[in-house]
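> give me coordinates for this.
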Amino acid sequence: MPEEMKQKKKMIQMIKHLPEVTDQRSKEEIYRKVKQNMDRKPKKRKGLILIPTFASLAAVLIFLLVSPTLFEQNAGQKESSMADRRVTSNQDNTEKNENKLFESDEKNSTMQAQEETEKSSQFRTSLYNEDVENKQVLTYATLTNDGGLVPVSVSILVAKEEGADWFEQYKQEAKLIQNHAPNLMNIEPILNSMVIENQTNARVIIDDQFKENFGYQNGLKDFIQNTFQYTNIEEVQFTDQDGNPVEFGNDGIVQDQAIEKQPHRAQYLYEADSGEAYIVSNSDTTKDNLNDTLHAMKDSPNDFLQTLIPNNLDFEIVQEEEEQVTIQFNQLLDLSAGDQQEKMWMLEGILLAAKEYGFQAVQFESIEPEQWEGFDFDQPIQVPIAPNILK
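Sure thing, here's the model as predicted:
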């Protein structure tokens, strides 16, 4: 083995037996010391020529052995710091995204609940404030043209005509009734026999044409009441073409009729022969108070009208204010159970009966679910503007 190789091997063995380095100095300081020693010119003494060389080599080797560890620690610290920043950033982003998702879900949930509360129901039959928007409500009296000849009030929504005479528009739009409900009597010729005298008075001219078109003399009073109940008309006179008193049917002279704004009538359901159903008022069933009227609605007054309130449903009026009444069911009423349309007819019949007493809203107690078919039972339910909307 060449002498040089032997010497290298011996140096390696010597290095391996060196004590463990525990120098606390920084790598920069070690490097600076080594550089100074390397730059310093050694004295020319043969016996010492290998000593600086060996010391320098050892220092370099020590630096090389120490520096990877230092570099690795420094790189690890940087990587750890970067990783921490990435984790923190990811956490922040995750929290932000979760907050956005939560806010979005909460907003969507709120909007959905609001839409569920506000949207129109397929089971509603009456007209409410939220249905009107910028349109005009017209309510008409008519009769079913089947065997029942039952007085019915129906309502339609039409565009507002600024500056137009309301009764002229009223007569003009009446043709929509035949378009939407051909099972009802055509009232256009009858309306042509009516004259509006002033803001509070109207006159009906009972001539041959009127008698021909209105053959049900016993229904005249209900017809006139239903025609003008939701208008400003307070009294109606009946005359012939010349303004004289007139007879109609077997009742003799037709007397002037006062229009009652709060007639206290009970509400019932009428199903026409054609299958359409209407909530109708019955002038033969009137009471002194709403509680008696509602309980009267459990019993049918004749063979044509059906009850809207089940006979076994117990309730009571627990509070009456000027414009609002509170009705409490003695047992929890679950609207989601059973026939949904029948439940809607019952509620609307109660609301319309309350309207006949001048109440503007009804607060229902012991009823669920809280939101059902556009009603929010946490709040008082506004009474309908008019019954039997023609869609």
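> C-alpha from now on. contacts and neighbour counts both.
Will do.
> check the nearest residue to residue 301 once chain neighbours are set aside and give its pLDDT.
The shortest distance from residue 301 to any residue other than its chain neighbours is 7.5 Å, reached at residue 285 (CA to CA, 6 or more residues apart in numbering). pLDDT for residue 285: 93.
> next secondary structure element downstream of the helix or strand harbouring residue 285?
In this assignment (DSSP states H and E), residue 285 forms part of strand 277-286. Scanning forward in sequence from strand 277-286, with DSSP H and E defining helices and strands, the next element found is helix 290-296.
> burial of residue 150, as a residue count?
Other residues near residue 150 come to 25 when the count uses other CA atoms under 10 Å.
> report the contact partners of it.
Contacts for residue 150 were tallied using CA atoms under 8 Å, 6 or more residues apart in numbering; they are 143, 144, 219.
> how close does it get to residue 222?
Distance, residue 150 to residue 222, using CA to CA, to the nearest Å: 10 Å.
> kindly report the same for residue 214.
13 Å.
> same question, residue 311
Between residue 311 and residue 222 the computed distance is 27 Å (CA to CA).
> pull out the C-alpha coordinates of stretch 246-257 and format them as CSV.
In CSV, the C-alpha atoms belonging to stretch 246-257 read as follows (Å, rounded to 0.1, in the frame of the first residue of the first chain):
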residue,chain,number,x,y,z
VAL,A,246,-142.0,48.2,-7.3
GLU,A,247,-143.3,44.8,-6.4
PHE,A,248,-141.2,41.7,-6.9
GLY,A,249,-142.6,38.2,-6.4
ASN,A,250,-145.1,37.4,-3.7
ASP,A,251,-143.5,39.8,-1.1
GLY,A,252,-145.3,42.9,-2.4
ILE,A,253,-143.4,46.2,-2.5
VAL,A,254,-139.7,45.7,-2.2
GLN,A,255,-138.4,47.8,0.8
ASP,A,256,-135.2,49.7,0.9
GLN,A,257,-132.3,47.6,2.1
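> could you list the low-confidence segments of the stretch 1-150 of the chain?
Counting by pLDDT under 70, the ranges of the stretch 1-150 of the chain that qualify are 1-120.
> hey, what's residue 142 bridged with?
Legend: beta-bridge partners of residue 142 under DSSP bridges are residue 152.
> pretty sure it sits against residue 174.
No. Residue 142 lies out of contact with residue 174 (CA atoms under 8 Å); the separation is 10.4 Å.
> can you work out which residues contact both of those two?
With CA under 8 Å, 6+ apart applied, the overlap between the contact sets of residue 142 and residue 174 consists of residue 187.
> which of the two has more neighbours?
For residue 142 versus residue 174, the count of surrounding residues by other CA under 10 Å is larger for residue 142: 24 against 18.
> make a ChimeraX selection of the buried ones in the contacts of residue 150.
Of these, the buried ones can be selected in ChimeraX as follows, counting by 16 or more other CA atoms under 10 Å:
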select :143,144
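> now do the strands in this structure.
Using DSSP state E, the strands of the chain run over residues 135-143, 151-159, 194-196, 201-205, 235-239, 257-258, 265-271, 277-286, 315-320, 324-334, 361-368, 371-372, 375-376, 381-382.
> grab the nearest non-local neighbour of residue 334.
Counting by CA to CA, 6+ apart, the residue nearest residue 334 is residue 368, at 5.1 Å.
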